[in-house]
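[1] Here you go, sequence then predicted model.
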Amino acid sequence: MLVDEIRIISKPLGDNTKTVLIGFPGSGLVGSIALQYLVDNLEFTQIGSVTSKYFPPLAMMTKGVINVPVRFYEKDDIAVVVGDIPIHPMICYEVACGLLDWFAQFKPKEILTIAGIVTNEPEKRVFGVATNTEALQRIQDLTMILPIGSISGIAGSILTECKIRDIWGLGLLGETVNNPDPRSSAATIQVLNKMYDLKLDVGPLVEQAEEIEAAMHRIAEEVQTTEAGQKKEQLPMYG
């Protein structure tokens with residue numbers, strides 16, 4: 001399928017597939033980390049891929065094997081879109097329309113996108129938004145509902161297209177920083193566990209978060225030590 005230069009090559013969704021989960025890199029890589037962890041650990045089957053002249057000219061590789069940077073997976077009644085590349089703001093509209101055009105033919109019940117939201121708080125809360133009040137009821141007891149604001153990037157474009165097309169759209173926004181944040185991804189998976197009864201263990205993700213946090217702490221200490229040494233060298237000499 002070719003829509004506005006967004007090329008989708010995939011098997012059709014199963015008759016029982018009613019939910020589409022979408023995650024692309026953004027703040028904290030929350031969506032892409034969460035959904036790649038989900039498809040790996042729950043053994044989803046890859047059914048398709050997305051390519052485009054708008055995407056960066058690169059190929060992803062794992063253990064020497066090439067993979068496309070945007071992939072479709074499916075298991076039971078859930079389909080998943082995982083992206084390894086950030087979508088430039090100039091092409092968010094085209095990518096969102098291309099994805100929604102393809103998925104709309106299978107009449108999904110709801111489309112849920114996961115992204116990160118940068119705050120100045122140390123917590124890992126999950127904020128929720130939806131395209132209508134009925135959809136909002138699905139997550140109002142599981143997330144903190146955002147009273148006002150905006151959602152940028154591909155997640156915002158996807159939710160806007162869902163609104164326009166009268167498709168239930170939901171957004172989970174994990175509280176994060178700009179560094180890779182598995183802890184925030186784990187928090188969003190906890191919400192998915194409750195919504196879809198996934199029973200996915202997030203323990204390994206939390207351990208990964210602790211390793212990243214320890215590494216960042218070491219880097220920060222090294223930077224402070226280096227800066228302190230440089231300042232000492234620059235002190236004026238007297239006497």
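    Received, thanks.

[2] Helix or strand: which one has the residue nearest the centre of the chain?
    The centre of the chain sits closest to residue 31, judged by C-alpha atoms, centre = their mean, with a distance of 1.4 Å. For residue 31, the element it lies in under DSSP states H and E is helix 30-41.

[3] what helices or strands is that helix leaning on?
    Here helix 30-41 is seen to pack against strand 19-23, strand 78-83, strand 110-118, strand 168-176, helix 182-196, helix 203-233 when contacts are counted using 3 or more C-beta pairs under 8 Å, 6 or more residues apart in numbering; DSSP states H and E. Any C-beta I mention is one placed from the backbone N, CA and C, and that applies to glycine too.

[4] 10 Å instead, please
    strand 19-23, strand 70-75, strand 78-83, strand 110-118, helix 153-165, strand 168-176, helix 182-196, helix 203-233 (3 or more C-beta pairs under 10 Å, 6 or more residues apart in numbering; DSSP states H and E).

[5] partners of the third one, with directions?
    In other words, strand 78-83. The sheet places strand 78-83 alongside strand 19-23 (parallel), strand 70-75 (antiparallel), with pairing taken from DSSP bridges.

[6] Could you check how far the residue nearest to the centre of the chain is from residue 5?
    According to C-beta to C-beta, to the nearest Å, residue 31 stands 23 Å off from residue 5.

[7] Test my guess that residue 19 contacts residue 108.
    Yes. Counting by C-beta atoms under 10 Å, residue 19 sits close enough to residue 108 to count as a contact (6.5 Å).

[8] Spit out the residues that contact the two alike.
    Overlap of the contact sets of residue 19 and residue 108 (by C-beta atoms under 10 Å, 6 or more residues apart in numbering) consists of 77, 78, 79, 168.

[9] which one of the residues you listed is nearest residue 185?
    Proximity of the shared contacts of residue 19 and residue 108 to residue 185 was ranked by C-beta to C-beta; the top entry is residue 78 with 17.1 Å.

[10] just checking, that closest one touches residue 47?
    No. Proximity of residue 78 to residue 47 does not meet the contact threshold set by C-beta under 10 Å, at 11.9 Å.

[11] between the two, what contacts are shared?
    Common contact partners of residue 78 and residue 47 (C-beta under 10 Å, 6+ apart): 13, 14, 17.

[12] Now do the SS call for the last one.
    Meaning residue 17. For residue 17, the secondary structure call by DSSP: H, G, I helix; E, B strand; the rest coil comes out as coil.

[13] For burial, what's the neighbour tally of it?
    Look at residue 17: counted by other C-beta atoms under 10 Å, it has 20 neighbours.

[14] and it, what is it in contact with?
    Residues counted as contacts of residue 17 (C-beta under 10 Å, 6+ apart) are 47, 74, 75, 76, 77, 78, 79, 103, 106, 107, 108, 109.
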